[in-house]
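[1] Sequence unavailable; structure follows:
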């Protein structure tokens with residue numbers, strides 16, 4: 001446990017939901033933990049006791065990627081842990097593969113509707129149809145314009161195809177729209193949607209005041225920071241500002257709220273965790289300003305400062321996207337200026353009279 005984690009409380013200690021169980025973390029709220037084949041090796045899913053049109057059953061929140069191991073774990077849960085009650089609906093916090101990957105399968109198997117934000121539903125459908133998803137010539141050229149010049153890495157990005165579709169082969173054709181401030185009755189409790197931006201198009205967390213519980217998705221994680229990236233399809237975006245602004249929407253929640261994150265353990269200490277996230281990004285922004293004050297820098301140079309370790313191609317795309325996000329926040333604030341050099345690479349310099357964040 002790192003020092004920041006010691007400032008949070010973990011009501012269940014080191015306990016993790018086993019593969020063969022659903023662990024009750026609040027009345028009628030159960031934790032599922034599924035493995036992922038990435039450096040981030042797990043995702044937390046949630047089952048909520050529910051009743052719709054007089055039928056008792058469950059609402060599933062998030063799904064995992066479509067992989068044989070996750071289907072097998074779900075099958076065990078269906079057979080042994082649902083008390084012979086059906087999945088009545090599938091809520092997806094956002095469109096990333098580990099959250100929506102098996103939504104098509106769960107919805108079809110149980111004839112259960114998908115509940116998701118409008119933006120994430122259509123972005124997921126676009127990504128399923130996009131054969132180049134997170135790879136191809138456009139992505140490679142975008143990273144080249146920000147200083148990534150390793151020929152092997154660039155070629156691997158060019159050759160990467162069907163990344164999203166390999167993890168999310170299909171998306172349901174219909175959905176129920178989730179919107180900010182919307183209240184949903186799930187079983188005996190009411191849950192309010194809280195939209196978040198910067199990490200996904202329109203992420204939806206779920207807050208229940210009667211249980212004092214927040215299903216935070218990827219917006220607030222206890223141990224790691226959520227990836228905030230600029231992508232080639234929105235090359236001049238400012239997602240970090242959107243993310244930091246979104247965090248403020250959680251401050252009205254009670255300080256003793258039990259936070260159920262998508263990665264890591266359930267924790268208490270939401271206000272302190274928000275402060276930690278703000279402090280983390282302030283430190284990264286200061287690193288960017290310091291580097292760009294000394295000389296004009298491209299995003300690859302900033303990435304080497306922010307992520308001073310060996311990265312594989314998959315990690316590099318996320319790290320470079322996040323480095324650009326920090327640069328863009330300062331650029332949009334007027335603290336950095338931008339120009340292209342003769343090689344077509346964007347260089348960022350401290351503006352005259354600018355101050356560090």
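    Now that the structure is in, tell me what you want to look at. Quick caveat, the model's predicted, so the values are computed rather than measured.
[2] Tell me the spacing between the residue nearest the centre of the chain and residue 135.
    Ranked by distance to the mean C-alpha position of the chain (Cα atoms, centre = their mean), the top residue is residue 218 at 4.0 Å. Distance, residue 218 to residue 135, by Cβ to Cβ, to the nearest Å: 22 Å. Placement of C-beta: from N, CA and C, glycine included.
[3] Contacts only, for the residue nearest to the centre of the chain.
    Residues in contact with residue 218, defined by Cβ atoms under 8 Å, 6 or more residues apart in numbering, are 93-94, 96, 99, 199-200, 203, 226, 261-263.
[4] go with 6 Å
    Listed by Cβ atoms under 6 Å, 6 or more residues apart in numbering, the contact set of residue 218 reads 199, 226, 262.
[5] got a winner among those residues for most neighbours?
    Ranked by neighbour count (other Cβ atoms under 10 Å), the contacts of residue 218 have residue 262 at the top, with 26 neighbours.
[6] Check what pLDDT that one gets.
    pLDDT recorded at residue 262 is 98.
[7] in the protein, what secondary structure element scores lowest on mean pLDDT?
    Lowest by mean pLDDT, DSSP states H and E among the helices and strands of the chain is helix 163-167, with a mean of 91.
[8] and that one, which residues are buried?
    163-165, 167 (16 or more other Cβ atoms under 10 Å).
[9] CSV for the contacts of residue 218, including secondary structure and distance to residue 113?
    Shown next, in CSV, are these (DSSP: H, G, I helix; E, B strand; the rest coil; distance: Cβ to Cβ, whole Å):
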residue, secondary structure, distance to residue 113
199, coil, 24
226, coil, 27
262, coil, 21
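[10] of the residues you listed, closest to residue 111?
    Of all the contacts of residue 218, residue 262 has the smallest distance to residue 111: 25.9 Å, by Cβ to Cβ.
[11] Quick one: residues contacting the closest one.
    43-44, 217-218.
[12] The helix or strand residue 177 falls within - contacts with which helices or strands?
    Remark: residue 177 resides in strand 176-178, with elements defined by DSSP states H and E. Packing partners of strand 176-178 (3 or more Cβ pairs under 6 Å, 6 or more residues apart in numbering; DSSP states H and E): strand 114-117.
[13] which strands and helices sit next to the helix or strand that the strand it packs on is followed by?
    The helix or strand immediately downstream of strand 114-117 is helix 118-129, counting by DSSP H and E. Secondary-structure packing of helix 118-129 (3+ Cβ pairs under 6 Å, 6+ apart): no helix or strand packs against it.
[14] Tell me which helix or strand comes right after helix 118-129.
    Per DSSP H and E, the first helix or strand lying C-terminal to helix 118-129 is helix 137-144.
[15] Give me the next element, helix or strand, following that next one.
    Sequence order places helix 151-159 as the next helix or strand after helix 137-144, per DSSP H and E.
[16] residues of that next one that come out buried?
    Residues 153-154, 156-158 are the ones in helix 151-159 that count as buried (16+ other Cβ under 10 Å).
[17] Tell me the helices and strands packed up against that helix.
    Counting by 3+ Cβ pairs under 6 Å, 6+ apart, helix 151-159 packs on helix 137-144.
[18] Give me the buried positions along the helix it packs on.
    For helix 137-144, burial by neighbour count (16+ other Cβ under 10 Å) applies to 139-140, 142-144.
[19] Distance to residue 207 and pLDDT for these - can I get that in TSV?
    Formatted as TSV, those follow (distance: Cβ to Cβ, whole Å; pLDDT from 0 to 100):
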residue	distance to residue 207	pLDDT
139	35	93
140	40	95
142	36	96
143	37	97
144	42	97
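[20] I'd like these laid out as CSV, including distance to residue 257.
    As requested, the buried residues of helix 137-144 are exported to CSV (distance: Cβ to Cβ, whole Å):
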residue, distance to residue 257
139, 38
140, 43
142, 38
143, 39
144, 44
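[21] Report all helices and strands that the one helix or strand residue 45 maps to contacts.
    Assessed by DSSP H and E, residue 45 sits inside strand 42-52. On a contact count with 3+ Cβ pairs under 6 Å, 6+ apart, strand 42-52 meets strand 29-35, strand 55-61.
[22] Mind listing residues that contact the first one?
    Same thing as strand 29-35. By Cβ under 6 Å, 6+ apart, strand 29-35 touches 16-17, 22-25, 42-45, 47-48, 64, 70, 73.
[23] Could you pull up the mean pLDDT of it?
    The average pLDDT within strand 29-35 is 98.
[24] roughly how far out does it sit from the chain middle?
    Centre-to-centre, strand 29-35 and its host chain are 17 Å apart (Cα atoms, centre = their mean, to the nearest Å).
[25] quick one: it to strand 55-61, angle?
    Calculated by axes from the mean of the first three to the mean of the last three Cα atoms, to 10 degrees, strand 29-35 forms an angle of 50 degrees with strand 55-61.
[26] tell me the angle strand 29-35 makes with strand 42-52.
    Interaxial angle of strand 29-35 relative to strand 42-52 (the same axes, to 10 degrees): 140 degrees.
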